[in-house]
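Participant: below: sequence and its predicted model.
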Amino acid sequence: MSLNKNISTLIKNALTEDRVANDLTTQSLINKTQTSQAYIVSREEAIICGTRLVKDIFRTLNSKIHVFVYHQDGDKIKINEPVIFIEGPTASILSGERVALNFLTRLSGISTLTAKFVEKVIGTKAKILDTRKTTPGLRDLEKYAVVCGGGHNHRRDLSDMVLIKDNHIAAQPQDMTLSDIVRKVRKETKKKIEIEVDTFRQFKEALTAQPDIILLDNMTTSQMKAAVHLKKQCKSKVLLEASGGINHSNVTKIAATGVDRISIGQLTHSPRSIDFSLEFVK
């Protein structure tokens, strides 16, 4: 996916939030005519993401700042490696430093975490997907970071596709079967339909309902294997997606069951930020 057209608004809001126009420290210490050079350096190995934002942040602050990016989003970077060079008015570089690093560390954390999961399913057909468990206002950026890490995007928002979850099912009349529910939805939209199940009995019923995707929620690997086997027996084209409780220690076993997709909330709701620092050239 490409970055959202509202990126400039997001940057302006972030700069306003940090009150860059009222940077008391910089205004007290730095002459307006002073210029400097600086590098953004990675303090650990990572998959970088957010270089375009760094460029746009400093350009928004001061058109006289020049930013040179050594690595493109999605590149693997080494520890202590300079990744971006910046030169221009010192005051503007100092005022924009934290906002630029905040975006870079957060997005690189997502892309790096995603890449680790992707690496663990190599050799299987399983794709690693994100979810809608994103930071409000940052969804497009965080989903972009997942792609930079080699992952794939699930639906962007509620209008992208149908995902019938347990609460949707619970809200229907008790006599409605999963097939009834899927038929009801198909009358309303031509978009893809996914339905969540958490028992093997529900899975068999969902398979008969013929949605496009069945989400196997918090199932054991034995149940997933049985689901994959039954799908093959029925010669069904439905995609099987595993979700719930997935981590680095079990994702390889889950991928080996033969599921098509693995959606992981922690890619965007709890990545560890990557350590970057901005260092002035003395």
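Facilitator: Right, received. Where do you want to start?

Participant: Gly88 should be in a helix, yeah?
Facilitator: No - using DSSP: H, G, I helix; E, B strand; the rest coil, the assignment for Gly88 is strand, not a helix.

Participant: how many neighbouring residues does it have?
Facilitator: 20 (other CB atoms under 10 Å). Yep, even glycine has a C-beta here, placed from its N, CA and C like the rest.

Participant: grab the nearest non-local neighbour of it.
Facilitator: Computed as CB to CB, 6 or more residues apart in numbering, the closest residue to Gly88 that is not its neighbour in sequence is Ile65, at 3.4 Å.

Participant: for Gln27, same thing?
Facilitator: Using CB to CB, 6+ apart, the closest residue to Gln27 is Ala91 (7.4 Å).

Participant: residues of the helix or strand harbouring that neighbour that come out buried?
Facilitator: Here Ala91 is covered by helix 90-120, with elements defined by DSSP states H and E. Neighbour-count burial for helix 90-120, with 16 or more other CB atoms under 10 Å as criterion, is recorded at 90-97, 99-115, 117-118, 120.

Participant: what does stretch 183-193 give?
Facilitator: Val185, Ile193.

Participant: how far away from the center of its chain is that stretch?
Facilitator: Distance, stretch centre to chain centre, for stretch 183-193: 27 Å (CA atoms, centre = their mean, to the nearest Å).

Participant: now the strands for the stretch 151-282 of the chain?
Facilitator: Ranges of strands in the stretch 151-282 of the chain, per DSSP state E, counting those that start in this stretch, are 162-164, 193-197, 213-217, 239-243, 261-263, 276-280.

Participant: closest one to Ile181 among those strands?
Facilitator: strand 162-164 (6.2 Å; CB to CB).

Participant: what sits up against the closest one?
Facilitator: 155, 181-182, 185, 189, 191-196, 211, 215 (CB atoms under 8 Å, 6 or more residues apart in numbering).

Participant: try 10 Å this time
Facilitator: 132, 154-155, 168, 172, 178, 181-182, 184-186, 188-189, 191-197, 206, 209, 211-213, 215, 241 (CB atoms under 10 Å, 6 or more residues apart in numbering).
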